[in-house]
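>>> Compute the structure for the input listed below.
(one chain, ligands or ions: 2)
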Amino acid sequence: MKIHHIHLHHIALPYVHPFETSFGRELTREALLVAVEADGLAGWGECVAMAGPWYSYETIETSWHVLRDFLAPATLGHEVSHPADVVARFSRVRGHAMARASLENAVWDLFGRAQGTPLVKMLGGVRPAVPVGVSVGIEPTLDELLEQVAGYVAAGYARVKLKIKPGWDVQVVRAVRERWPDLALQVDANSAYTLADADRLAELDAFDLLLIEQPLHHDDIVDHAVLQRQLRTPICLDESIHSPHHARWALDIGACRIINIKVGRVGGFTAAQQIHDLCAARGAQVWCGGMLETNVGRAGNLALAALPNFTLPGDISASARYFVEDITAPDFTLNADSTISVPNGPGIGVQVLPERLAAASLRTLSLP
Ligand code: NPQ
Ligand code: MG
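Ligands and ions are numbered 1, 2, ... in the order given. A predicted model of the protein is given here:
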């Protein structure tokens, strides 16, 4: 198959509720969607970079540049017989995992649609529905946080992740745990602490958390290995794991017991599968992280989370948790058992609605 056109779509979608983490507060998600065309079909992928370099160094603008000037030229007009072929073609590009993932994932969708095969089947997924949870941002007050959590529990979410930072940690977790003694609960610091905070973080051991996600520096594994020896709660790495190599290094030195796999952060479905397999062989658990994706990215996350070693609930919530209006049909809804059903149509199994895309559009580029 030869891809003859690649289209970039920079869009903006308002959230239903502001999302605040240790790196800031957002009201609108800017996003970058990639469409690849071949044989009368289109495949879609989402670049999960944010507008600014807050979660990682990648931004929508750096991704636009790397896609337009390096990744699209490496793809257009070349024979592709499997999505992994583009991974090899991208191997000269260092970093820019989110940009690489978006184009690779669009090619997976294209192949799935061409073959009439759901992505979940192509990736080796085994579950028709995947357990999910909700990531709850930092709120102006503890009362407002408890109100948010209450809403999600009432909506049927059986697992909640709380964003923490210094000054918004032990007392918040204690309050949530006291009100919901049986809720599956975990926290994410997005690198807001240092080893000097080890005693504070160890206080979280009292609250029966599933995991503590990325407490220390965004590129660190060495200090996390030191910290893990001082905590009973498993450390889960997110930001620090950029590739299968980083996953192996982290497990080798005991920096974590759990890895959050985000397909964008690790450079695509192929790398995500490799980290999944490595962790399965090493007895480490994995789960599927989220980047407040549109339904395009979310559909891919659901397919990935159906692989056998995704043993913890994913940061994959129903469409209604994120945006006033998403850009695909159908939307995703929460099942009564806190799962979301994996799409079973060809490829990612959702259709981008042209009128919604146009309404959300900030700019587009068609290549060549
Ligand atoms: C995490 N996400 O696991 C991330 C980071 C994150 C769902 O908790 C805009 C776009 C805002 C992407 C905030 C969740 C974001 C974002 C946080 C990603 O660390
Ligand atoms: Mg995280």
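>>> now Ala12, what's its secondary structure?
strand (DSSP: H, G, I helix; E, B strand; the rest coil).
>>> so who does it touch?
By C-beta atoms under 8 Å, 6 or more residues apart in numbering, Ala12 lies in contact with 28-31, 360, 362. In short, each C-beta sits where N, CA and C put it, glycine included.
>>> Swap in 7 Å and give it another go.
Residues near Ala12 by C-beta atoms under 7 Å, 6 or more residues apart in numbering: 28, 30, 360, 362.
>>> Tell me what it is bridged to.
On the basis of DSSP bridges, Ala12 is bridged to Glu30.
>>> And it, what's its pLDDT?
For Ala12, the pLDDT comes out at 98.
>>> Just among the contacts of Ala12, which is most surrounded?
Ala360 (22 neighbours; other C-beta atoms under 10 Å).
>>> Test my guess that it contacts Leu13.
Yes. Assessed by C-beta atoms under 7 Å, Ala360 is found in contact with Leu13 at 5.6 Å.
>>> So for the residue sitting nearest the centre point of the chain, what's the pLDDT?
In the chain, the centroid-proximal residue (C-alpha atoms, centre = their mean) is Gly290; its distance is 2.9 Å. pLDDT, Gly290: 98.
>>> how close does it get to ligand 1?
4 Å (C-beta to the nearest ligand atom, to the nearest Å).
>>> same question, Val87
24 Å.
>>> can I assume that residue sits in a helix?
Yes. Assignment of Val87 by three-state DSSP places it within a helix.
>>> hmm, back to that, for the closest residue in space to the residue nearest to the centre of the chain that isn't next to it in sequence, give its distance to Val286.
Distance criterion C-beta to C-beta, 6 or more residues apart in numbering; nearest residue to Gly290, sequence neighbours excluded, is Asp315 at 3.4 Å. Going from Asp315 to Val286 by C-beta to C-beta, to the nearest Å gives 12 Å.
>>> do the same with Thr233
The value you get for Thr233 to Val286, if C-beta to C-beta is used, is 17 Å.
>>> Ser341 contacts Asn335, doesn't it?
Yes. Judged on C-beta under 7 Å, Ser341 makes contact with Asn335 at a distance of 6.5 Å.
>>> between these two, what contacts are shared?
Ala129.
>>> Spell out the secondary structure type for the nearest residue to Val87 once chain neighbours are set aside.
Distances taken as C-beta to C-beta, 6+ apart put Thr270 closest to Val87, at 4.8 Å, once the chain neighbours are dropped. Put simply, Thr270 is helix when judged by three-state DSSP.
>>> in this protein, which helix has the most residues?
Using DSSP state H, we find that the single longest helix of the chain is helix 97-115.
>>> Just the buried residues of that one, please?
97-114 (16 or more other C-beta atoms under 10 Å).
>>> and the helix or strand hosting Val36, is it in reach of ligand 1?
In this structure, Val36 sits in strand 24-38 according to DSSP states H and E. Yes. Using C-beta under 6 Å from any ligand atom, strand 24-38 reaches ligand 1 at 26, 29.
>>> what's the burial count for Asp143?
10.
>>> Name the SS class of it, please.
Three-state assignment for Asp143 (three-state DSSP): helix.
>>> where's it relative to Val149, distance?
11 Å.
>>> More neighbours: Thr233 and Val286, which one.
Counted by other C-beta under 10 Å, Thr233 and Val286 do not tie: Val286 has more neighbours, with 26 against 20.
>>> Return the set of buried residues in the strand or helix carrying that one.
Using DSSP H and E, Val286 maps to strand 285-288. By neighbour count with 16+ other C-beta under 10 Å, strand 285-288 contains the buried residues 285-288.
>>> do stretch 186-196 as well
In stretch 186-196, counting by 16+ other C-beta under 10 Å, buried: 186-193, 195.
>>> quick revisit: could you list every helix and strand in contact with the strand holding Val286?
strand 258-261, helix 269-282 (3 or more C-beta pairs under 7 Å, 6 or more residues apart in numbering; DSSP states H and E).
>>> closest to Leu304 out of the ones you listed?
With C-beta to C-beta as the criterion, Leu304 lies closest to helix 269-282 of the helices and strands packed on strand 285-288, at 5.7 Å.
>>> excluding its backbone neighbours, what's nearest Phe111?
Excluding the flanking residues, the one nearest Phe111 by C-beta to C-beta, 6+ apart is Pro83, at 5.7 Å.
>>> do the same with Arg177
Nearest to Arg177 is Phe207, by C-beta to C-beta, 6+ apart, at 4.6 Å.
>>> what does Val226 give?
Leu195 (6.3 Å).
>>> Check Ser102 too.
Cys47 (3.6 Å).
>>> my read: that neighbour touches Ala35, true?
No. Cys47 sits out of contact with Ala35 when judged by C-beta under 7 Å, with a separation of 11.7 Å.
>>> Please say which of the two ends up with more neighbours.
The neighbour comparison of Cys47 against Ala35 (other C-beta under 10 Å) goes to Cys47, with 33 against 21.
>>> show me the contacts for that one.
Cys47 neighbours (C-beta under 7 Å, 6+ apart): 32, 34, 63, 98-99, 102, 264.
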